[in-house]
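[1] I need the structure of the sequence given here:
(chains A, B, C and D)
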There are 2 protein chains.
Amino acid sequence: MKKLIIKDIARIAGVSKSTISKVINDYGDISNKTKQRIKKIIEKYNYHPLDSAQILGKRKSDIIAFVTSRITAHFTAGVLWAIENRARELGEYTHNIVPYSTFYDRKIATDLFKKLLYGKKIAALIALAMDPAHDIILQYKKAKIPVVLIENKMKNAHCVNIDNYKGGFLATKHLIERGRKKIGLICGNPFKTKYGFDYTAVQRRAGFINALKHHGRKFDKKYQEISLGYSVEDGVNIFNKFFFQKKLKLDAIFCAAGDMCALGIMQGAKKYGMKIPDDLALVGYDDQFYTAYLFPPLTTIRQPFDKLGTSVFNITLDAIQGVIKDFKHIEIEPELIIRKST
Amino acid sequence: MKKLIIKDIARIAGVSKSTISKVINDYGDISNKTKQRIKKIIEKYNYHPLDSAQILGKRKSDIIAFVTSRITAHFTAGVLWAIENRARELGEYTHNIVPYSTFYDRKIATDLFKKLLYGKKIAALIALAMDPAHDIILQYKKAKIPVVLIENKMKNAHCVNIDNYKGGFLATKHLIERGRKKIGLICGNPFKTKYGFDYTAVQRRAGFINALKHHGRKFDKKYQEISLGYSVEDGVNIFNKFFFQKKLKLDAIFCAAGDMCALGIMQGAKKYGMKIPDDLALVGYDDQFYTAYLFPPLTTIRQPFDKLGTSVFNITLDAIQGVIKDFKHIEIEPELIIRKST
DNA sequence: CTGAAAGCGCTTACAG
DNA sequence: CTGAAAGCGCTTACAG
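    Next up, the predicted model:
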């Protein structure tokens, strides 16, 4: 059984290829009778138009590319799932949202952005925690392909963030209100380097510093450590740095570098007999599912994936359809989840 | 700046489109000089062939589809990442492995399998924990598109599994050797229903039962509970069922339904003052990263993602290239990770 | 080693 | 409301 093509279906239905094409694409100017008849034939013969031929014919594709360093990372996976679900809900672009990993490699990312633009004619680009060159963003703009950035903020692109500043502020305020005096901060790299920097770290740190100020306290650099790996191991190392190298007497830590890193702090505390929250209050970031089941359960900042995904997908659709004039910049509210660690 | 097409590059280089095409595809019969010269021009002008035109021209695509219920689920994400990395290592099909979620919906899955076959001309299909109809597998066979199944076993397809029987056996044997007398089993649905069944549950359960037999014990149905959600909540409920409804005096549980469910058992034990492992030994399944950091750290069965990913990708490549004659059935060894919960 | 021409399977103005 | 024909941007026998 050879694969059927549009010509075959046309012959079977006794009409022209044009007519079949119009039915496939649901164009208006076909009599309802013909349309229904042909739809049945398509169904019966299990005909599927070859999408590369469609793309070539239409001079554009329906593909929305979703680019990030690692599509299977926790936060990313949550966002992607939310976007896919939103797409499915709306019945638009289901199975046409194609995820790409760049393996944390700038060169791969740059090449990919170009390939998607010139070699795929994608309908839109969604990029999570990526830092594309301005030049590339401009090429997309010229080609009229919308770019939606998550966890970053740039000109000539739509940007959706979970308000990281607010997350930092909320966490810190909470620790202050719990009566904590010496609060350590752990965050990703907030400084610009040639390899890029972590936009969320900048924001969360600013929230931390401003919450202190707001309560009449000063930020002391000594109380800050940077985690590049966001890992449990980083947490353990930083615990040692705080308490044994620097010999600080912290009574709280805000781990803006995420729950995994906070888990490392818990390991350290456990090992040296420090009680959480009595001796040390701890706030994480992300609300990874297992944090609710730790002993003690971890207070943390929840990032509302669903809202984020919905917002991103809505903007992407609007941008593709040209409904939006200006570039949108959206901040989504994070949520403080209070548990027993504070 | 309009997008450049092959004609433009041909004009710029002063050669024919055929020649450009041959350079792009690295066909042999081009003088090295010309080849190098044209490569430079392609680079300089940032030319990217439109892949849908290539697919149409070549009458086949380079896309390997990766289909599963939810590409962002824990196990899936691990496997996908391993496959992507293997592809990248080999420099083959990078960014051409396209993941699709079927949202746990059989109809969506069936439609997708057909669309990929007829509408995409994919090079191969990898499906994880999917249960496609035999009929569909046959359609792929006829079209000579290789199908590689992970976590399932069917005729006319290559199958790669992590030996779930062995995982069940190892876990149970370990508990017996720790001197446990009354061992409960929690697993996914091992029974065939019209919605399909969980192949891994069947295997792990068989391993459990046989390990008992092997040590002169009998399997008692009373000691078995089924988790359909693999969730913490399921674990909590089953804990109550075992100890309060059935009033069993278990001294061990093998939670073949995964670490999350085992986490639920730990919650239950914590709540009612049962000490792990003293009162109750516990073995999970999956070795999700956080299990090492629980109190106590969880003994569990590790599923070697990397080996699995590598094996799957190698088979897929071989099958595409037609190097394999028969359908391969591979079992990968799981690993018992002993921690403090047993 | 290189090029002219036909073909891949669709879509889309345009004419009727 | 329907169809003939040109076009999308590639590849590929084939001829030279």
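[2] Need the pLDDT of the closest residue to DNA strand C within the stretch 101-250 of chain A.
    The stretch 101-250 of chain A approaches DNA strand C most closely through residue A:121 (12.6 Å), counting by C-beta to the nearest atom of the strand. The way it works is simple: take the backbone N, C-alpha and C, and place the C-beta from them, glycine included. For residue A:121, the pLDDT comes out at 86.
[3] where does it land in three-state SS?
    Three-state call for residue A:121 (DSSP: H, G, I helix; E, B strand; the rest coil): coil.
[4] which residue ranges form the helices in the stretch 51-200 of chain A?
    A:51-58, A:74-90, A:106-114, A:134-142, A:164-177, A:199-214 (DSSP state H, counting those that start in this stretch).
[5] Tell me the residues of the stretch 1-150 of chain A that contact chain B?
    Neighbours of chain B within the stretch 1-150 of chain A, by C-beta under 8 Å from any C-beta of the partner chain: A:1, A:3, A:46-53, A:55-56, A:61, A:70-72, A:77-78, A:80-81, A:84-85, A:88, A:95, A:98-101, A:103, A:112, A:114-115, A:117-121, A:142-143.
[6] Centre of the chain to the lowest-mean-pLDDT helix or strand in chain A, how far?
    Of the helices and strands making up chain A, the lowest-confidence element is helix A:32-44, at a mean of 89, by mean pLDDT, DSSP states H and E. For helix A:32-44, the separation from the chain centroid amounts to 41 Å (computed by C-alpha atoms, centre = their mean, to the nearest Å).
[7] repeat for stretch A:134-150
    How far stretch A:134-150 lies from its chain's middle: 18 Å, per C-alpha atoms, centre = their mean.
[8] Convert that stretch to CSV, retaining C-alpha atoms only.
    Extracted C-alpha coordinates of stretch A:134-150, given in CSV (Å, rounded to 0.1, in the frame of the first residue of the first chain):
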residue,chain,number,x,y,z
HIS,A,134,20.7,41.5,20.3
ASP,A,135,21.7,41.0,16.7
ILE,A,136,19.8,37.7,16.5
ILE,A,137,16.7,39.2,18.0
LEU,A,138,16.8,41.9,15.4
GLN,A,139,17.0,39.3,12.6
TYR,A,140,13.9,37.8,14.0
LYS,A,141,12.2,41.1,14.1
LYS,A,142,13.1,41.9,10.5
ALA,A,143,11.7,38.5,9.5
LYS,A,144,8.6,39.3,11.5
ILE,A,145,8.9,36.1,13.6
PRO,A,146,7.8,36.8,17.2
VAL,A,147,10.3,36.1,20.0
VAL,A,148,9.0,35.4,23.5
LEU,A,149,11.6,35.3,26.2
ILE,A,150,11.0,33.6,29.5
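[9] what's near enough to touch residue A:251?
    Shown in contact with residue A:251 (C-beta atoms under 8 Å, 6 or more residues apart in numbering or on different chains): A:180, A:181, A:182, A:183, A:279, A:280, A:281.
[10] again, only this time at 6 Å
    A:180, A:181, A:182 (C-beta atoms under 6 Å, 6 or more residues apart in numbering or on different chains).
[11] cool, residue A:158 as well?
    A:148, A:315, A:327, A:328.
[12] Show the pLDDT at it.
    If you check residue A:158, the pLDDT there is 97.
[13] Give the bridge partners for it, please.
    Counting by DSSP bridges, residue A:158 is bridged to residue A:148.
[14] Compare the helices of the stretch 51-200 of chain A and give me the one nearest residue B:19.
    helix A:51-58 (21.8 Å; C-beta to C-beta).
[15] thinking again about what came up before, next one: the least confident helix or strand of chain A, is it in contact with DNA strand C?
    No. For helix A:32-44, no contact with DNA strand C is found by C-beta under 7 Å from any atom of the strand; the gap never falls below 10.6 Å.
[16] Buried residues in that helix, which are they?
    For helix A:32-44, burial by neighbour count (16 or more other C-beta atoms under 10 Å in any protein chain shown) applies to A:35, A:38, A:41, A:42.
[17] from those residues, which single one is nearest DNA strand D?
    Closest to DNA strand D, out of all of the buried residues of helix A:32-44 and judged by C-beta to the nearest atom of the strand, is residue A:35, at 7.1 Å.
[18] any weak-confidence spans in the stretch 51-200 of chain A?
    A:194-196 (pLDDT under 70).
[19] So which bits of stretch A:216-223 are buried?
    By 16+ other C-beta under 10 Å, the buried positions in stretch A:216-223 come out as A:219, A:223.
[20] closest to residue B:9 out of the helices of the stretch 51-200 of chain A?
    Closest among these, using C-beta to C-beta: helix A:106-114, at 15.3 Å.
[21] Could you check the angle that closest one makes with helix B:74-90?
    On the basis of axes from the mean of the first three to the mean of the last three C-alpha atoms, to 10 degrees, helix A:106-114 is oriented at 100 degrees to helix B:74-90.
[22] quick one: helix A:106-114 near DNA strand D?
    No. Helix A:106-114 lies out of reach of DNA strand D by C-beta under 7 Å from any atom of the strand, never closer than 13.2 Å.
[23] outside of that helix, which residues touch it?
    Helix A:106-114 is contacted by residues A:100, A:102, A:132, A:136 when judged by C-beta under 6 Å, 6+ apart.
[24] residues of stretch A:14-26 that come out buried?
    Result for stretch A:14-26 [16+ other C-beta under 10 Å]: buried residues A:15, A:19, A:20, A:21, A:22, A:23, A:24.
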